[in-house]
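> next one to model:
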Amino acid sequence: MTTTVTSAAPDAPAAAKETPAAANTAASVVADSAPTGQAQSGIGGGVRIVYLALLVLALVAPLIGLYPVFVMKLLCFALFACAFNLLLGFTGLLSFGHAAFFGFSAYVCGYTIKSLGWSPELGLLAGTGTAVLLGLAFGLIAIRRQGIYFAMVTLALAQMVYFFCVQAPFTGGEDGLQGVPRGNLFGLLPLGNDTVMYYVVLAIFVACFVAILRIVTSPFGQVLKMIRENEPRAVSLGYQVDRYKLLAFVLSAGLAGLAGSLKTVVMKFATLSDVHWSMSGEVILMSLLGGVGTFFGPVLGAGTVIGLQNLLADKVGAWVTVIIGAIFVVCVLAFRKGVVGELIAWRERRAARA
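Residues are numbered from 1 along each chain as shown. Next up, the predicted model:
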């Protein structure tokens with residue numbers, strides 16, 4: 001790659017105002033540094049067909065006997081995993097504190113709906129907005145750290161949020177926040193009906209998934225992937241790396257907060273387990289299991305973890321955690337890129353041989 005673009009480096013604009021040349025430079029850095037599958041931003045026709053088939057399956061799920069509440073819970077955690085993957089998979093930042101955004105937003109959403117009498121859409125906005133502000137505060141403190149130091153700072157901040165939730169009166173302490181009413185969306189759609197609630201959750205998930213896809217495939221997303229692959233090179237090209245990281249962190253936190261708020265409306269409660277550090281570990285497990293840096297990997301990982309928990313909880317009790325941990329170890333040893341990542345790598349090797 002040539003160095004002619006460095007003439008624009010000293011005065012590179014903010015995240016949303018990059019020139020086409022700068023965006024192309026970012027894309028070329030990603031292409032030079034990453035494997036073919038990771039460098040490609042677009043989605044092939046075959047993948048589009050798979051997505052379309054999955055969407056059709058999701059649309060008819062209540063009609064073919066799938067339990068709507070279980071699928072809604074799966075979609076909420078899939079959105080949570082996609083939000084986390086935006087930060088880890090496409091920006092390269094490992095956060096151990098995403099449970100703070102997920103769980104605290106769940107409490108805020110539940111409290112505003114139950115105690116303040118807000119409508120569900122306002123409760124969701126309150127929870128998401130709280131997560132955005134919390135993510136901004138976390139990001140301003142942690143974003144200048146890298147590697148394990150960044151992870152430890154986010155974990156420490158998340159634990160502060162956890163202990164606040166233990167003591168705060170509006171959270172219900174160890175009893176949690178119970179009996180959150182679903183109400184009517186925009187005063188029209190009765191969310192107390194599981195079928196109506198299901199299609200609302202599905203619409204929100206699809207909209208967020210498409211938004212993440214658009215973010216990652218935009219020039220802004222190309223810069224994020226350049227930072228992930230070669231941060232010193234991004235700095236040398238004049239990008240204000242900390243601003244990009246902070247914006248990605250806030251976006252990820254907001255989406256995680258929306259997932260937590262949505263989960264409270266679906267399940268009608270919020271508990272300390274939502275904000276506990278183990279929830280951060282669980283979302284990391286989902287992302288790694290499905291494939292970090294892939295679009296569908298976190299969804300598959302969330303479906304696997306939530307499905308196993310639902311299937312085995314009443315059969316093996318607390319041993320379900322051990323079983324999921326063993327499966328995770330096997331997948332890490334056999335599928336280091338995650339299930340979807342390994343499938344992409346296999347397809348690329350096959351195409352190369354052909």
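> can you pull out the strands in the stretch 51-200 of the chain?
For the stretch 51-200 of the chain, the strands defined by DSSP state E, counting those that start in this stretch cover 184-185, 189-190.
> what helix or strand is G254 located in?
Under the criterion of DSSP states H and E, G254 resides in helix 241-267.
> ok, and what's touching whatever helix or strand comes next after that helix?
Per DSSP H and E, the first helix or strand lying C-terminal to helix 241-267 is helix 277-290. With contact meaning Cβ atoms under 8 Å, 6 or more residues apart in numbering, helix 277-290 is reached by 77, 80-81, 84-85, 88-89, 94-99, 102-103, 155, 158-159, 162, 273, 296-302, 304-305, 324, 327-328, 331-332, 338-340. The C-beta positions use only the backbone N, C-alpha and C, and glycine is treated the same way.
> same check on stretch 321-335?
Counting by Cβ under 8 Å, 6+ apart, 285, 288-289, 304-305, 308-309, 312, 316, 338-339, 341-342 sit against stretch 321-335.
> any idea which of these the model trusts least?
Lowest pLDDT within the contacts of stretch 321-335 is found at V316 (76).
> give me the neighbour count for that residue.
Using other Cβ atoms under 10 Å, V316 has 12 neighbouring residues.
> what of L185?
Residues within reach of L185, counting by other Cβ under 10 Å, total 17.
> hang on, it packs against L122?
No. Applying Cβ atoms under 8 Å as the test, L185 and L122 come out as separate, 10.5 Å apart.
> enumerate every residue touching the spatially most central residue of the chain.
By Cα atoms, centre = their mean, the chain has its centre lying nearest to A83, at 1.6 Å. Residues in contact with A83, defined by Cβ under 8 Å, 6+ apart, are H98, C208, I212, S252, A253, G254, L255, A256, L258, A259.
> check the spacing between Y198 and L57 real quick.
Distance, Y198 to L57, using Cβ to Cβ, to the nearest Å: 13 Å.
> for the chain, name the helix or strand with the lowest mean pLDDT.
Least confident helix or strand, the chain: helix 36-39 with a mean of 40, by mean pLDDT, DSSP states H and E.
> residues in contact with stretch 126-134?
Residues contacting stretch 126-134 (Cβ under 8 Å, 6+ apart): 100-102, 104-106, 108-109, 112, 118, 161, 250, 253-254, 256-258, 260-261, 264.
> repeat that with 6 Å
With Cβ atoms under 6 Å, 6 or more residues apart in numbering as the test, stretch 126-134 has contacts from F101, S105, V108, C109, T112, V250, A253, G254, G257, L258, S261.
> and these, which two are the farthest apart?
Greatest spatial distance in the contacts of stretch 126-134: T112 and V250, 21.1 Å, computed using Cβ to Cβ.
> circling back: who has more neighbours, Y198 and L57?
The neighbour comparison of Y198 against L57 (other Cβ under 10 Å) goes to Y198, with 23 against 11.
> list the buried ones in stretch 64-73?
Buried residues in stretch 64-73, counted by 16 or more other Cβ atoms under 10 Å: P68, V71, M72, K73.
> could I get those residues as JSON lines with distance to L177 and pLDDT?
Below are those laid out as JSON lines (distance: Cβ to Cβ, whole Å; pLDDT from 0 to 100):
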{"residue": "P68", "distance to L177": "22", "pLDDT": "89"}
{"residue": "V71", "distance to L177": "23", "pLDDT": "92"}
{"residue": "M72", "distance to L177": "18", "pLDDT": "93"}
{"residue": "K73", "distance to L177": "17", "pLDDT": "93"}
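> closest to D194 among these?
Once Cβ to Cβ is applied, the member of these that ends up nearest D194 is P68, at 4.4 Å.
> coming back round to it: buried set for the helix holding G254?
Quick answer for helix 241-267 (16+ other Cβ under 10 Å): 241, 244-267.
> count the residues that sit near M152.
Neighbours around M152, by other Cβ under 10 Å: 14.
> my error: substitute E231 in the last question.
Counted by other Cβ under 10 Å, the residues lying close to E231 total 16.
> circling back to that earlier point, drop anything exposed from the contacts of stretch 321-335.
L285, L288, L289, T304, V305, Q309, G338, V339, G341, E342.
> on that earlier part again, leaving out chain neighbours, which residue sits closest to the residue nearest to the centre of the chain?
Nearest non-adjacent residue to A83, counting by Cβ to Cβ, 6 or more residues apart in numbering: L255, 3.5 Å away.
> quick one: the one you found and S261, what's the gap?
For L255, the distance to S261 - Cβ to Cβ - is 11 Å.
> before we move on, what about G147?
Distance from G147 to S261, by Cβ to Cβ: 31 Å.
> try Q309
Counting by Cβ to Cβ, the gap from Q309 to S261 is 21 Å.
> what's the answer for Y244, then?
In terms of Cβ to Cβ, Y244 sits 26 Å off from S261.
> mind listing what's buried in stretch 232-243?
Those would be R233, A234, L237, G238, Y239, V241, for stretch 232-243 by 16+ other Cβ under 10 Å.
> repeat that for stretch 124-143.
The neighbour-count check on stretch 124-143 (16+ other Cβ under 10 Å) flags 124-132, 134-136, 138-139, 142-143 as buried.
> the residues you listed in helices, which ones?
Secondary structure from DSSP state H places 124-132, 134-136, 138-139, 142 of the buried residues of stretch 124-143 in helices.
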